[in-house]
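Asker: predicted coordinates and the sequence they were generated for:
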Amino acid sequence: MHSKPVFLVIGLIAAAAILGGLLFIGRGSHIQLKGQFQKVRLQSLEDTSTVVIVDFRFSNPADYPFVVRKVDMMIETKDGQNVEGMMVSEVDARRMFDFYIVLGPKYNESFLIREKVAPHQSLDRMLAARFELPITSVNQRKKLWIRIEDVDGAVSELEEKP
């Protein structure tokens, strides 16, 4: 009579070990960028628009390359509205840093479409986006995040930490 619970326990332990082994083996197959914002800078362009510049550090922990298909920057305003920014090209970002000296130096290259992030590689990049919001609204934001999509459909989001 006592042998049935013992076999059940042994079976559960064996199943847990097999599941754990499969998860351990497949840990590098999940394509996702992980990272954090290093610096956020704002520049008012007009009374109703603001450029947000984000310098960030990220890594690709997967065993496969991450190839960028699309990048978006979003703000959740104080009243809960999600606003998508219009991305600024690398050429325009360089011009902006030359014109608006108060922004300081351009520390990193812009994160570009079709950029390939090798397996286990870490990079520092910059993104700039124009939001049709006054700088006061951007300063009062609830949330700022970047959404990065891989060519195979995997999506990663990096979020500003308060």
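Answerer: Cool, the structure landed. Residues are numbered from 1 along each chain as shown.

Asker: drop to CA atoms for contacts and neighbour counts, all remaining ones
Answerer: OK.

Asker: distance check, F58 against M87.
Answerer: According to CA to CA, to the nearest Å, F58 stands 19 Å off from M87.

Asker: quick one: classify T136 as helix, strand or coil.
Answerer: helix (DSSP: H, G, I helix; E, B strand; the rest coil).

Asker: what's the burial count for it?
Answerer: When counting by other CA atoms under 10 Å, one arrives at 12 neighbours for T136.

Asker: for the one 5 residues further on, same thing?
Answerer: The number of residues packed around R141, counting by other CA under 10 Å, is 17.

Asker: contacts only, for it.
Answerer: Counting by CA atoms under 8 Å, 6 or more residues apart in numbering, R141 touches I75, E76, T77, K78.

Asker: looking at it, the third one is touching N139, isn't it?
Answerer: No: with contacts counted by CA atoms under 8 Å, T77 stays clear of N139, the gap being 9.1 Å.

Asker: which one of the two has more residues nearby?
Answerer: T77 (18 against 11).

Asker: correct me if wrong, but V102 is in a strand.
Answerer: No: under three-state DSSP, V102 sits outside any strand and is assigned helix.

Asker: show me what contacts it?
Answerer: By CA under 8 Å, 6+ apart, the contact set of V102 is empty.

Asker: and the gap between it and S44?
Answerer: Taking CA to CA as the measure, V102 falls 11 Å from S44.

Asker: swap in E90?
Answerer: Separation of E90 from S44 (CA to CA) stands at 19 Å.

Asker: for M87, same thing?
Answerer: M87 is 15 Å from S44, where distance means CA to CA.

Asker: please enumerate the helices of the protein.
Answerer: All helices of the chain, identified by DSSP state H, fall at 3-25, 90-99, 135-139.

Asker: helices and strands around the shortest one, which ones?
Answerer: Under the contact definition 3 or more CA pairs under 8 Å, 6 or more residues apart in numbering; DSSP states H and E, helix 135-139 sits against strand 34-46, strand 49-59.

Asker: winner for burial among those strands?
Answerer: Counting by mean count of other CA atoms under 10 Å, strand 49-59 has the highest mean neighbour count of the helices and strands packed on helix 135-139, with a mean of 21.

Asker: between that one and helix 90-99, how big is the angle?
Answerer: 110 degrees (axes from the mean of the first three to the mean of the last three CA atoms, to 10 degrees).
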